[in-house]
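Student: I'd like to go over a predicted model; first the sequence, then the structure.
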Amino acid sequence: MLRDKVVLVTGASSGIGAELGRQLADVGAIPVLVARSEDKLEAVAKSMPSGSRVLTLTADVASTEEVQRAVEQTMARFGKIDALVNNAGFGLFQRVEEMPLADYERMMDVNYMGVVRFTKAVLPHMRQQGEGRIVTVASIAGKLGTAKSAGYSASKHAVIGFMSSLRQELEQETRIRVSVVNPGPVRTAFFDRTDPDNNYLNKVPSWYVLTAEQVARSIVNLLYKPRAEVNLPAIGGLGVKLTQLFPGISSALVRKMTDKK
Ligand SMILES: NC(=O)c1ccc[n+]([C@@H]2O[C@H](COP(=O)([O-])OP(=O)(O)OC[C@H]3O[C@@H](n4cnc5c(N)ncnc54)[C@H](O)[C@@H]3O)[C@@H](O)[C@H]2O)c1
């Protein structure tokens with residue numbers, strides 16, 4: 001069902017986005033990998049099985065012009081965009097009183113406005129096509145708000161609200177489907193900037209830390225079968241969705257673990 005589908009993935013040069021690109025290529029989709037670094041994108045594209053159809057495009061999601069250009073380049077090449085995965089994002093973690101204002105602004109510009117820019121740029125094409133899928137990677141932090149993550153949590157909370165409103169605007173009148181994924185901690189380069197030794201991830205029980213493969217798999221599943229929202233604290237490889245099964249327990253657990261940070 002994903003065969004020949006053109007899927008635009010932002011933040012595809014590492015972590016969840018890179019893994020998603022590989023999984024999409026495996027099922028015969030056409031991933032369009034977007035990130036800022038051409039070299040890193042090339043390396044991801046090369047790691048795919050030979051014969052994979054993949055397009056790499058450089059764009060900063062913080063630039064309206066570059067986002068628009070990436071969408072136009074995709075349309076020029078394939079004539080359609082079946083799905084968009086808003087995955088680009090980053091986190092800075094400090095107490096509210098310590099984090100400079102510029103860091104709050106940058107996280108809103110990339111994590112939130114990046115989603116708005118890309119989503120608005122693809123929507124006219126999806127409308128014309130009569131259908132489409134938009135999946136956005138937010139975070140469990142955007143649902144719970146945890147210590148030292150005010151700027152990051154707020155940017156992801158904004159994303160969740162944006163996607164929820166958009167879903168209600170589109171679900172009755174179009175066949176464009178909108179989903180949000182909220183992962184718990186994932187072992188990627190995400191924490192490198194503020195926590196190069198991975199002190200945080202090493203403190204969290206290992207069974208609670210997700211892999212990029214698990215998150216990418218759940219995004220692929222959403223592309224097959226859209227759902228409004230997937231919360232993804234998982235128990236190891238089992239992928240048990242704790243927040244869905246035991247919302248109270250899971251929230252308490254997340255708070256307890258993130259307080260250790
Ligand atoms: N790792 C975690 O614990 C975790 C948990 C919940 C949610 N997330 C979210 O998952 C998504 C992917 O993160 P990851 O864990 O794979 O981390 P990562 O750092 O490995 O990947 C992030 C990707 O986003 C790209 N990116 C960052 N700023 C960009 C910009 N301005 N323009 C274009 N691309 C940009 C990076 O280059 C990279 O390709 C992010 O939105 C992150 O907030 C991560």
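Tutor: Received the coordinates, thanks.

Student: average pLDDT for the helix or strand that contains Leu24, rounded please.
Tutor: Using DSSP states H and E, Leu24 falls within helix 15-26. Averaging pLDDT along helix 15-26 gives 97.

Student: report whether that helix contacts the ligand.
Tutor: Yes. Applying Cβ under 6 Å from any ligand atom, one finds helix 15-26 in contact with the ligand at Gly15, Ile16, Gly17. For every residue, glycine as well, the C-beta is placed using N, CA and C.

Student: next, report how far the very next helix or strand once past that helix is displaced from the centre of its chain.
Tutor: Per DSSP H and E, the first helix or strand lying C-terminal to helix 15-26 is strand 30-35. Relative to its chain's centre, strand 30-35 lies at 13 Å (Cα atoms, centre = their mean, to the nearest Å).

Student: so what does the next helix-or-strand element following strand 30-35 touch, helix or strand wise?
Tutor: Moving toward the C-terminus from strand 30-35, the next helix or strand (DSSP H and E) is helix 38-46. Applying 3 or more Cβ pairs under 8 Å, 6 or more residues apart in numbering; DSSP states H and E, we find helix 38-46 packed against helix 15-26, strand 30-35, strand 55-58.

Student: using CSV, lay out those together with mean neighbour count.
Tutor: Converted to CSV, the helices and strands packed on helix 38-46 look like this (neighbours: other Cβ atoms under 10 Å):
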stretch, mean neighbour count
helix 15-26, 24
strand 30-35, 27
strand 55-58, 18
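
Student: closest to Leu92 out of the ones you listed?
Tutor: helix 15-26 (16.3 Å; Cβ to Cβ).

Student: state the number of residues packed around the closest residue to Tyr152 other than its chain neighbours.
Tutor: Once flanking residues are discounted, Tyr152 sits nearest to Gly91: 4.2 Å by Cβ to Cβ, 6 or more residues apart in numbering. By other Cβ atoms under 10 Å, the residues close to Gly91 number 19.

Student: next: the one 4 residues further on.
Tutor: Residues contacting Arg95 under the criterion other Cβ under 10 Å number 10.

Student: who are the contact partners of Met48?
Tutor: Met48 sits next to Gly21, Arg22, Ala25, Val54 when contact means Cβ atoms under 8 Å, 6 or more residues apart in numbering.

Student: switch the cut-off to 10 Å
Tutor: Ala18, Gly21, Arg22, Leu24, Ala25, Asp26, Pro31, Leu33, Val54 (Cβ atoms under 10 Å, 6 or more residues apart in numbering).

Student: residues of this protein that sit close to the ligand?
Tutor: Contacts of the chain with the ligand, taken as Cβ under 6 Å from any ligand atom, map to 10-11, 13-17, 35-36, 60-62, 87-91, 110, 137, 139, 183, 185-186, 188-190, 212.

Student: what about the residues you listed, which are in strands?
Tutor: Among those, the subset assigned to strands under DSSP state E consists of Thr10, Ala35, Val137, Pro183.

Student: among these, which pair sits farthest apart?
Tutor: Of all pairs in these, the most separated under Cβ to Cβ is Ala35 and Pro183 at 18.7 Å.

Student: confirm that Asn231 sits in a strand.
Tutor: Yes. The assignment for Asn231 by DSSP: H, G, I helix; E, B strand; the rest coil puts it in a strand.

Student: distance from the longest helix along the chain to the middle of the chain?
Tutor: Longest helix in the chain by number of residues, with DSSP state H as the criterion: helix 150-170. Helix 150-170 sits 12 Å away from the centroid of its parent chain (Cα atoms, centre = their mean).
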